[in-house]
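Give the three-dimensional model of this entry:
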Amino acid sequence: MKEIVTSFAVSLGLIVALSVGGEAQAQSVTEESIESRFQLDFHVPEEALKKFLPAGWDVQMAATGPAKDCNLRVIFIDRVNVNGPDGKTLGTGASQMVYLTVPVKNSASGSTVQMVIAGLTGDSADVPGPFGVYTQAAGHQMKRSTVAGKGIGIIEEQTWEFTAAGGERIESFVKYERVPAARARRETTYVSAADPKITQVSKVDMGLNIARNATVEMPDRVKEFRYKIGGGRLAPLFDGTERVVSVDIFPWNNLTIAAAPK
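Next up, the predicted model:
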């Protein structure tokens, strides 16, 4: 496990947890969900990361702000409720998963999007998922707890663990002081690393707490933090030289997923 200590910060206007994406045109809604998310922004070895990207796509890192130097995001998701556009439950209606995204730019069109390169899910119905890159977790667990009281504020803990038969392991623990979340609405385009023609447009109404950040000066609200990621295909990305750029909590993340216009 690794202990990460960095200076904390927040700047919601620049956060790219759900970052760049073009304006939506006529889109067909395929799914709506209510989620809670925990996100880690990393800078990982660039040469290893390039091997996950298809030809014609390059990493597009932010030069300033809280996402500065971030080239990989590890996003832990508790899908509390998942419905179709008709309001009916989709699949099991709830699940836990983690996926990895990369901010990328298409060298031909110049478009900037988020590329989903891998994921582990606790629900077999989610495999291989909408992007064709999700793997069934051989084991997983999620624990969240909240303690509030006079003189201590609100303290939350989150534990996430996912393992795969191929040796991949994605684990993290965070204990942090919860403060009122900043509310924002974002629209983001996601594409698949397996097939960039597979595209989704995500509209989100979210609450954001950036608990720690390495590039923007703000209070550090993290009390404890550790992670262990690697094994299998992920080993080259997490070889001990990676560093955490930001620790972000999304207490609510209300998503509307649409197919991108042709």
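
As a check, name the ranges of all helices in this structure.
Assigned by DSSP state H, the chain shows helices spanning 46-50.

how far away is the residue positioned nearest the centre of the chain from residue 40?
Centroid-nearest residue in the chain, with C-alpha atoms, centre = their mean: residue 75, separated by 2.5 Å. Applying C-beta to C-beta, to the nearest Å, the value for residue 75 to residue 40 is 8 Å. From N, CA and C alone the C-beta is placed, and that goes for glycine too.

With residue 97 instead?
In this view, residue 97 and residue 40 are 15 Å apart by C-beta to C-beta.

How about residue 137?
In terms of C-beta to C-beta, residue 137 sits 18 Å off from residue 40.

what does residue 133 give?
18 Å.

Could you give the bridge partners of the nearest residue to residue 89 once chain neighbours are set aside?
What sits nearest to residue 89 in space, not counting adjacent residues and going by C-beta to C-beta, 6 or more residues apart in numbering, is residue 83, at 6.0 Å. When bridges are called by DSSP bridges, residue 83 pairs up with residue 32, residue 89.

What's the local residue count around the closest residue to residue 48 other than its chain neighbours?
Spatial nearest neighbour of residue 48, excluding adjacent residues (C-beta to C-beta, 6+ apart): residue 236 at 3.8 Å. Look at residue 236: counted by other C-beta atoms under 10 Å, it has 14 neighbours.

you'd agree residue 236 is up against residue 51?
Yes - with contact defined as C-beta atoms under 8 Å, residue 236 reaches residue 51; the gap is 7.4 Å.

hang on, the earlier thing: the residue nearest to residue 89: how many residues sit nearby?
For residue 83, the neighbour count with other C-beta under 10 Å is 14.

I'd like to know how far the closest residue to residue 30 other than its chain neighbours sits from residue 105.
Once flanking residues are discounted, residue 30 sits nearest to residue 257: 5.3 Å by C-beta to C-beta, 6+ apart. Separation of residue 257 from residue 105 (C-beta to C-beta) stands at 23 Å.

out of residue 133 and residue 40, which sits in the more crowded spot?
Using other C-beta under 10 Å, the more surrounded residue of residue 133 and residue 40 is residue 40, with 25 against 21.

Would you confirm that that one contacts residue 226?
No - using C-beta under 8 Å, residue 40 is not in contact with residue 226; the gap is 11.1 Å.

shared neighbours of these two, anything?
Both residue 40 and residue 226 are in contact with residue 172, where contact means C-beta atoms under 8 Å, 6 or more residues apart in numbering.

number of nearby residues for the residue nearest to residue 39 when sequence neighbours are not counted?
Residue nearest to residue 39 in three dimensions, not counting chain neighbours: residue 248, with 4.3 Å by C-beta to C-beta, 6+ apart. Neighbour count for residue 248, taken as other C-beta under 10 Å: 23.

So what pairs up with residue 248 in the strands?
Residue 248 has these beta-bridge partners by DSSP bridges: residue 39, residue 210.

Thanks a lot, see you next time.
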